[in-house]
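> Generate a structure from the sequence data that follows.
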Amino acid sequence: MRLLVTGAAGFLGSHLSDALIARGADVVGMDNFITGNRANIAHLTGNKAWTFIEHDVTKYIDVSGELHGILHFASPASPIDYLELPIQTLKVGSLGTHNALGLAKAKGARFFLASTSEVYGDPLVHPQTEGYWGNVNPIGPRGVYDEAKRFAEAMTMAYHRYHKVDTRIIRIFNTYGPRMRPHDGRVVSNFIVQALAGEPLTVYGRGDQTRSFCYVDDLVEGIIRLFERGTEDPVNIGNPNEFTVRQLAERVIALTGSRSTIVERPLPTDDPKVRKPDISLAKSRLDWEPKIALDDGLRRTIDYFQSLKKT
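Just a heads-up that it's a prediction; the model follows:
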């Protein structure tokens, strides 16, 4: 198969590209490096199964030759990114998704949208099922990301219904692992960087808001199974084991052997109080559930950030 991965130099896009190539696919990667990292894909240079195009997907996309699938992962995806790049975030979710869907239609390719648990907003239903419509503040600072992804889902379903494009939608819950950017504003990378530097770990409020953390290898396996076996209905992929942010901070301190303390800061606007996926659909349809325990995944991620300090 020949597949296009947009956002291929990002944290998830680069791991996904590796996994697809390992399974025998030819991968065309596309990124404009607004948040992607060239180092994430440097090891693929010279690989005959890899082609890279530097391009902004909010502009017309043209890829020569056949494509069997388009996996649309281009988007700022961390709180710092979409607060600093609000217009770009909205454009990639709207114009970028439209352009990628247009290419899928032209090529007769399957289209896979990387959506997010943020479509549920600050949820009033817990855990979150795919049938929940969400509780999103459309004009709040997080709305640029939440609504961009909600629009992208609507556009994807419109292309499926009107143009008969074969589509998939994944709703990704908190994911972590190697290749996260050190200062991208995500809680796992923040805590590890602070702990390794001996700095206080910053929690917001009392740190009693909950998150569920899925290691990137588990997530990529879920992505590929959904691409291969799924239907047009959105599917949650994430780890249903729920931890408070304070518990995560304590685990990072213990695993790094740091002497860091924990400090509290005011809660950001519209920060979700709970986040936990119901993965019943993923289990029944894809025979998927995460396998890597939090401590094991954190150790691997800590090792990665320690390696960055040595370079």
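> Please count neighbours and contacts with C-alpha atoms only from this point.
Will do.
> mean confidence score for the strand or helix carrying residue 303?
Following DSSP states H and E, one finds residue 303 within helix 294-310. Averaging pLDDT along helix 294-310 gives 94.
> same thing with stretch 165-185?
Stretch 165-185 carries an average pLDDT of 95.
> buried ones in stretch 85-101?
Under the neighbour-count criterion of 16 or more other C-alpha atoms under 10 Å, stretch 85-101 has 85-86, 88-101 buried.
> just the strands in the stretch 201-311 of the chain please.
201-204, 210-212, 214-215, 235-237, 242-244, 262-265 (DSSP state E, counting those that start in this stretch).
> Break the chain into its domains for me.
Following automatic domain parsing, one gets these domains for the chain: 2-176+215-237, 187-210+242-277+292-310.
> which stretch among those domains comes nearest residue 284?
Proximity to residue 284 (C-alpha to C-alpha) singles out domain 2-176+215-237 among those, at 10.9 Å.
> And that closest one, how far out from the chain middle?
From the chain centre to the centre of domain 2-176+215-237 is a distance of 8 Å (C-alpha atoms, centre = their mean, to the nearest Å).
> re earlier: on contacts alone, who are the packing partners of the helix holding residue 303?
Packing partners of helix 294-310 (3 or more C-alpha pairs under 8 Å, 6 or more residues apart in numbering; DSSP states H and E): helix 187-196, strand 214-215, helix 245-256.
> Just tell me which of these ends up closest to residue 72.
strand 214-215 (19.9 Å).
> now what about stretch 269-287, what contacts it?
Stretch 269-287 has contacts (C-alpha atoms under 8 Å, 6 or more residues apart in numbering) with 121-123, 126-130, 137, 140-142, 173, 208-212, 222, 225-226, 229-230, 235-242, 288-289.
> And for stretch 95-107?
With contacts defined as C-alpha under 8 Å, 6+ apart, stretch 95-107 is touched by 57-62, 66-70, 72, 74, 109-111, 152, 155-156, 159, 163, 165.
> Filter those residues down to the ones in helices?
Using DSSP state H, 152, 155-156, 159, 163 are the members of the contacts of stretch 95-107 that sit in helices.
> which of those count as buried?
Neighbour counting by 16+ other C-alpha under 10 Å classes 152, 155-156, 159 among the ones in helices among the contacts of stretch 95-107 as buried.
> Please convert those residues to CSV, extending it with distance to residue 275.
What follows is those, written out as CSV (distance: C-alpha to C-alpha, whole Å):
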residue, distance to residue 275
152, 21
155, 25
156, 24
159, 29
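> of all those, which two lie farthest apart?
Longest distance between any two of those is 10.6 Å, between 152 and 159; criterion C-alpha to C-alpha.
> got the buried residues for stretch 242-255?
242-246, 248-253.
> got it, and stretch 273-283?
Here stretch 273-283 shows 273-282 as buried, counting by 16+ other C-alpha under 10 Å.
> again with stretch 128-142
Across stretch 128-142, burial judged by 16+ other C-alpha under 10 Å covers 128-130, 134, 136-137, 141-142.
> sorry, back to before: just the buried ones from the contacts of stretch 95-107?
Buried by 16+ other C-alpha under 10 Å: 57-58, 67, 69-70, 72, 74, 109-111, 152, 155-156, 159, 165, out of the contacts of stretch 95-107.
> Let's see which of those end up in strands.
When the buried ones among the contacts of stretch 95-107 are checked against strands (DSSP state E), the matches are 69-70, 72, 110-111.
> if we can go back for a sec, which of the domains of the chain sits most buried?
Compared across those, domain 2-176+215-237 shows the largest average neighbour count, a mean of 20 (mean count of other C-alpha atoms under 10 Å).
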